[in-house]
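Student: next one to model:
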Amino acid sequence: MDKELKKTVGKVVKNVVEHTPEPIKEKVKETVIENGKEMVKDHIQDKANQLTGKMEHARDNFADEVQDKAQGAKEKTQEVLLAAQEKLGKAVEAGKQFQDKISSANNQDKDRTIKSVNSIKTSKDIKSATKIKSARDIKSSNDIKTIVS
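Tutor: Down below sits the predicted model:
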């Protein structure tokens with residue numbers, strides 16, 4: 001029955017279009033064109049709104065993922081820094097213990113302590129040729145005091 005109804009409506013529309021005067025046909029065409037433009041415009045706006053919604057959703061998801069990964073990276077970095085701090089603390093403590101052992105073993109002999117960079121002699125500290133004792137500076141047997149009674 002739907003097909004018969006469509007056929008009938010189609011024939012009626014054709015007859016109406018054929019018997020309609022030209023000025024009315026022009027107005028109907030203009031109205032149909034305007035309605036068509038408006039329908040296309042509405043359709044495009046709906047699609048644009050849907051796309052905007054999807055983009056906002058995707059942006060929010062991406063921001064959440066980036067935030068989560070940044071938080072994870074921050075936690076891992078803190079863990080690594082804490083581990084490095086502990087290892088460095090252990091190394092410092094071991095160095096102190098080593099220094100204590102060496103200083104306690106050589107406690108009697110103070111000349112054998114570990115020298116720092118500042119205590120190492122430089123070229124300025126070495127005696128020059130003018131500072132070496134000459135023959136007249138060396139004591140002879142005459143300079144030795146004897147007990148006079």
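Student: what helix or strand is Lys41 on?
Tutor: Assessed by DSSP states H and E, Lys41 sits inside helix 22-105.
Student: and that helix, average pLDDT?
Tutor: Mean pLDDT, helix 22-105: 90.
Student: where's that helix relative to the chain centroid, distance-wise?
Tutor: Taking Cα atoms, centre = their mean, to the nearest Å, one finds helix 22-105 lying 14 Å from the centre of the chain it belongs to.
Student: for that helix, packing partners?
Tutor: On a contact count with 3 or more Cβ pairs under 8 Å, 6 or more residues apart in numbering; DSSP states H and E, helix 22-105 meets no helix or strand. For glycine as for every other residue, the C-beta is placed from the backbone atoms N, C-alpha and C.
Student: let's see 10 Å
Tutor: In terms of contacts (3 or more Cβ pairs under 10 Å, 6 or more residues apart in numbering; DSSP states H and E), helix 22-105 is packed against helix 2-19.
Student: which strands and helices sit next to the helix it packs on?
Tutor: If you count contacts as 3+ Cβ pairs under 10 Å, 6+ apart, helix 2-19 packs onto helix 22-105.
Student: orientation of the helix it packs on relative to helix 2-19 in degrees?
Tutor: Put simply, helix 22-105 runs at 120 degrees to helix 2-19, going by axes from the mean of the first three to the mean of the last three Cα atoms, to 10 degrees.
Student: now do the same for Lys139: its pLDDT.
Tutor: 70.
Student: now it: how far from Lys145?
Tutor: For Lys139, the distance to Lys145 equals 11 Å [Cβ to Cβ, to the nearest Å].
Student: and Pro21, by the same measure?
Tutor: 157 Å.
Student: what of Ala83?
Tutor: Ala83 is 72 Å from Lys145, by Cβ to Cβ.
Student: the two - which one has more neighbours?
Tutor: Ala83 (10 against 5; other Cβ atoms under 10 Å).
Student: check contacts around the more buried one.
Tutor: If you count contacts by Cβ atoms under 10 Å, 6 or more residues apart in numbering, Ala83 has none.
Student: so it versus Lys96, what's the distance?
Tutor: Counting by Cβ to Cβ, the gap from Ala83 to Lys96 is 21 Å.
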